[in-house]
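# Quick one: sequence and predicted model below, then my questions.
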Amino acid sequence: MAGLHLLPDRQPVVYLRNVLTGAEKEVIRFGGSKTPGGFSPDGAWLYAGVSQAGNSDIYRVRVVGGTLEKVEDGWGLEVSPSPSPDGRRIAFVSDRSGSPQIYVKTIGTAGETRISNGAGYATSPSWSPAGDRIAYTARSGGRFIVATAAPDGSGHREVASAPDGDCEDPSFSPDGRSLVYTFRKKDYSALKIISTDGRRQRTLVSGLRDAGSPAWSPGR
């Protein structure tokens, strides 16, 4: 597992921890603030956003050996890297267009594709297990909704929204048929499961004060 430690000099450092032995090793020290992202599907790489001089870029570090590579840079902030199931692409958030939006990049190639649309902003990308859809949180009509799109930016679909609150932080089920997400309104939150076509929905946990960031475990 990956984690963020704050050193005595207040410098954040990304560590890897073996949950069986408790052994830890430092993997990313340079730079200012850091936001660990996901592991590659084969477990060989850990992705993270690292800021330097007010700009955040995306790196990946090899779990064994510690080799560090810059994956994405450019004007603005690049954060929240999410590797695709085949490990060939990443989805990430960048504000290069003036507001945070979701982009997809094939690792090792130039250029990227913006997949989120609308005049608001988008965060929290989550790949479907098949790699054919990406779910994300979007700002629409003054509230947050859950939407999905194909990795090439086509086929936008609003999946979950509510007139009295916000729908955020989607995560795909192992079979790709459902999403779990957080519903929030003032002093109340719940975790809900919805089919990817938006037709069937149920509440998983309700009556919480401040729930967030649900994640589905891998299928077995």
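Ah, there it is.
# what number of residues lie near the residue nearest to Lys185 when sequence neighbours are not counted?
In space, and not counting its chain neighbours, Lys185 is closest to Gly165: 3.4 Å by CB to CB, 6 or more residues apart in numbering. Quick note: C-beta positions are derived from backbone N, CA and C, even for glycine. The tally of other residues near Gly165 (other CB atoms under 10 Å) stands at 17.
# Could you do Ala130 as well?
The number of residues packed around Ala130, counting by other CB under 10 Å, is 11.
# circling back: settle this for me: the residue nearest to Lys185 is touching Phe183, isn't it.
Yes. Using CB atoms under 8 Å, Gly165 is in contact with Phe183, at 5.6 Å.
# ok, back up a step: show me the contacts for the residue nearest to Lys185.
Gly165 makes contact with 143, 183-185, 188, according to CB atoms under 8 Å, 6 or more residues apart in numbering.
# Val61 contacts Ala48, correct?
Yes. Between Val61 and Ala48 a contact is recorded at 7.2 Å, counting by CB under 8 Å.
# These two: which is more packed in?
The residue with more neighbours, out of Val61 and Ala48, is Ala48; 25 against 20, by other CB under 10 Å.
# Assign a three-state SS to the closest residue in space to the more buried one that isn't next to it in sequence, would you?
Excluding the flanking residues, the one nearest Ala48 by CB to CB, 6+ apart is Pro36, at 4.8 Å. Assigned by DSSP: H, G, I helix; E, B strand; the rest coil, the conformation of Pro36 is strand.
# neighbours around Pro36, how many?
Pro36: 21 neighbours (other CB under 10 Å).
# Test my guess that it contacts Leu46.
Yes. With contact defined as CB under 8 Å, Pro36 reaches Leu46; the gap is 6.8 Å.
# anything in contact with each of Val61 and Ala48?
Common neighbours of Val61 and Ala48, counting by CB under 8 Å, 6+ apart, are 14, 28.
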